[in-house]
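Asker: could you look at this predicted model? Sequence included:
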Amino acid sequence: MRKIVLSMMVVGALLSTSCKKAKEAANKTVDATKNATTKVVDGAKDATKTVVDGAKDAVASVLGGVKIPEFSNPEVTKNLTEYAAYAKDYIAANGNLAKIGALASKGKDLLAKGKELASKLDAKEMKQYKSVLSAIQSKMAPSK
């Protein structure tokens, strides 16, 4: 009987120790995963900002100094940058109807998305958005 009780006590002690160690290991794994995820997200944000900034600089030089400002909603800034890149491609098509036809749906989609995003801006930013959009479209006008 003593051997059975003693054996059960040893097994119980091992189980409780093993559970604590397993829980600690699981917590360490969760913490490491959170840290890694945070680093990846931060890196992606930095990379996106770098790409958008580079695109804005390229667009500004091609579109004769049209500057795309930062809006409170970064999606608006991204949309305008993409629309400016579309305008650059449109201008580069130089009246080629096949190329312009291929770009038409992209321009339509970007304008629709931009209109949806801009509707949520305050009055000052809406005015700024419309001003930049007009400047981009005026650069496209001679190509039409």
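Answerer: Cool, got the structure. If you're wondering where the values come from, they're calculated on a predicted model, not measured in any experiment.
Asker: now name the helix or strand holding residue 78.
Answerer: Using DSSP states H and E, residue 78 sits within helix 74-93.
Asker: and that helix, what does it pack onto?
Answerer: Secondary-structure packing of helix 74-93 (3 or more Cβ pairs under 8 Å, 6 or more residues apart in numbering; DSSP states H and E): helix 2-62, helix 97-118, helix 123-140. The way it works is simple: take the backbone N, C-alpha and C, and place the C-beta from them, glycine included.
Asker: what's the shortest one in contact with?
Answerer: Contact partners of helix 123-140, identified using Cβ atoms under 8 Å, 6 or more residues apart in numbering, comprise 63-64, 66-69, 71-72, 76, 80, 83-84, 87, 90-91, 114, 118, 121.
Asker: residues contacting the closest residue in space to residue 70 that isn't next to it in sequence?
Answerer: Leaving aside its sequence neighbours, residue 70 sits nearest to residue 77 (Cβ to Cβ, 6 or more residues apart in numbering; 5.6 Å). Residues in contact with residue 77, defined by Cβ under 8 Å, 6+ apart, are 52, 68-71.
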